[in-house]
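>>> For reference, the sequence and a predicted model appear below.
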Amino acid sequence: MPAKSQLSSARSMASSSSRARRTNSTRIPIWALSSVSGDSTPSCSPPGRSRSDTRCSSFYYLSGANFAGCAVTYDIARDYLTLWIPYTDPRTKLWYGTTPSIEETKARVDIDDVRHINGLDRFLYLALGPGSTLFVLHPEQTPKLQSTKGALHIDTARLRPAMDSARVIKTDYEVAMIRRANAVSSGAHRAILSRLKRLANEREIDAIFRGFSQAHGAKYQAYPVIAGAGVNAGTLHYWQNDQPLEGRQLVCIDAGAEWDCYASDVTRTIPINGKFTPEAKAICRFLESGCGALPGKGQVAN
């Protein structure tokens, strides 16, 4: 779950930016971010994409909730953060299980209040007076309000840049989560290397990476595994991962696990038989020297 300092940083940024924009007669502005409803995997994502979609990660950053069907509102004037969670009918638990209760969520998340989402429309109606502004992260997340007390301004432009600014500097908690994701990914890459000579198809690489990640607590991938052998490595977003390795020199493995909505990203180009040809080695050394001259760039694996 996000650390308290992480949420405080977002709240401070929100409060100061709101005060600078407030006008005479406007009622309190409220920020609203909606989680993806239904399946936890965003529908706009490519196959195998995890929940690290911008909307979901920003939602998690403020709320600490990583299950579907939620919303979060932030009352800027009161500095009050509320998480809205779905209510699970006890009759459906046998078939679909349940989401955390209000009490369980309050115990796990650093937030001011937790309520059931069926009360969100009523809350917004009471909170948003004439001339209020409702800031929404993405246009498609604008709540469908049944009624309002007067003219309401929906701002879908300014919240995302503000969130991006708040998230640029990582807290110690966030750095630890990113390191955890990278540790799992590094282990998965090593697992592939230890078996590569015995593998016959790209899909085995894909399966080993995802299986290792899940076995070590990283249920989701930061992005779909790319395991492109031979000419397939030339496709930047190659997701088929179903071609034989036989007769191909190299395989490009671009894969990163996700840990609690924090992503990793590791790419390696590896000789399938364990040894670079002189030409491939020369190309890798050339790329390595070029990447090394650029600040912030990684090195090509030996």
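Here it is on my side, so go on.
>>> tell me the contacts of Gly97?
With contact set as CB atoms under 8 Å, 6 or more residues apart in numbering, Gly97 has no partners. Every C-beta, even on glycine, is put in place using the N, C-alpha and C of the backbone.
>>> repeat for the one 3 residues further on
Taking CB under 8 Å, 6+ apart as the contact definition, Pro100 lies against 67, 85, 108.
>>> need the next SSE after the helix or strand harbouring Leu83, C-terminal direction.
Applying DSSP states H and E as the criterion places Leu83 in strand 80-85. Following strand 80-85 in sequence order, the next helix or strand is helix 93-96 (DSSP H and E).
>>> Other residues contacting that next one?
Thr88.
>>> With stretch 235-255 instead?
Residues outside stretch 235-255 that contact it (CB under 8 Å, 6+ apart) are 46-48, 185, 188-189, 192, 196, 199-203, 205-206, 209, 221, 224-230, 232-233, 265-273, 277, 280.
>>> repeat that for 7 Å
46-48, 185, 188-189, 192, 199-203, 205-206, 209, 224-230, 232-233, 266-272, 277, 280 (CB atoms under 7 Å, 6 or more residues apart in numbering).
>>> Select only the buried ones of the residues you listed in ChimeraX?
In ChimeraX syntax, the buried subset of the contacts of stretch 235-255 is picked out as below (16 or more other CB atoms under 10 Å):
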select :48,185,188,189,192,199,201,202,203,205,206,209,224,225,226,227,228,229,230,232,233,266,268,269,270,271,272
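>>> Which ones among the contacts of stretch 235-255 lie within strands?
Among the contacts of stretch 235-255, the ones falling in strands (DSSP state E) are 226-229, 266-271.
>>> Kindly indicate which of the residues you listed lies nearest Arg115.
Nearest to Arg115 out of the ones in strands among the contacts of stretch 235-255 is Val266 (CB to CB; 40.0 Å).
>>> how far away is the closest one from Ala183?
Note on Val266: its distance to Ala183, by CB to CB, to the nearest Å, is 11 Å.
>>> same deal with Ala162?
Counting by CB to CB, the gap from Ala162 to Ala183 is 31 Å.
>>> and what of Ala176?
10 Å.
>>> how about the strands in the stretch 1-150 of the chain?
Under the criterion DSSP state E, counting those that start in this stretch, the stretch 1-150 of the chain contains strands at 30-34, 71-75, 80-85, 113-116, 133-136.
>>> Of the contacts of Pro100, which one scores lowest on pLDDT?
When the contacts of Pro100 are compared by pLDDT, Phe67 scores lowest at 82.
>>> so who does the closest residue to it other than its chain neighbours touch?
Counting by CB to CB, 6 or more residues apart in numbering, Phe67 lies nearest to Thr99, which is 5.2 Å off, once chain neighbours are set aside. Contact analysis of Thr99 by CB under 7 Å, 6+ apart lists 67, 85-86, 88.
>>> Would you list the buried entries among those?
Among the contacts of Thr99, those classed as buried by neighbour count (16+ other CB under 10 Å) are 85-86, 88.
>>> will you turn those residues into CSV that also has distance to Gly129?
Listed next are the buried ones among the contacts of Thr99 as CSV, based on distance: CB to CB, whole Å:
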residue, distance to Gly129
Ile85, 26
Pro86, 28
Thr88, 33
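>>> what's the closest of those to Ile169?
Using CB to CB, the buried ones among the contacts of Thr99 come closest to Ile169 at Ile85, 28.5 Å.
>>> can I get the ones in strands among the contacts of stretch 235-255 in TSV with distance to Asp75 and pLDDT?
Converted to TSV, the ones in strands among the contacts of stretch 235-255 look like this (distance: CB to CB, whole Å; pLDDT from 0 to 100):
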residue	distance to Asp75	pLDDT
Ile226	43	98
Ala227	47	98
Gly228	48	98
Ala229	53	98
Val266	40	96
Thr267	43	95
Arg268	47	94
Thr269	50	93
Ile270	52	94
Pro271	57	96
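>>> Distance to Ser289 for those - can I get that in JSON lines?
Formatted as JSON lines, the ones in strands among the contacts of stretch 235-255 follow (distance: CB to CB, whole Å):
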{"residue": "Ile226", "distance to Ser289": "25"}
{"residue": "Ala227", "distance to Ser289": "27"}
{"residue": "Gly228", "distance to Ser289": "24"}
{"residue": "Ala229", "distance to Ser289": "25"}
{"residue": "Val266", "distance to Ser289": "21"}
{"residue": "Thr267", "distance to Ser289": "18"}
{"residue": "Arg268", "distance to Ser289": "18"}
{"residue": "Thr269", "distance to Ser289": "15"}
{"residue": "Ile270", "distance to Ser289": "19"}
{"residue": "Pro271", "distance to Ser289": "19"}
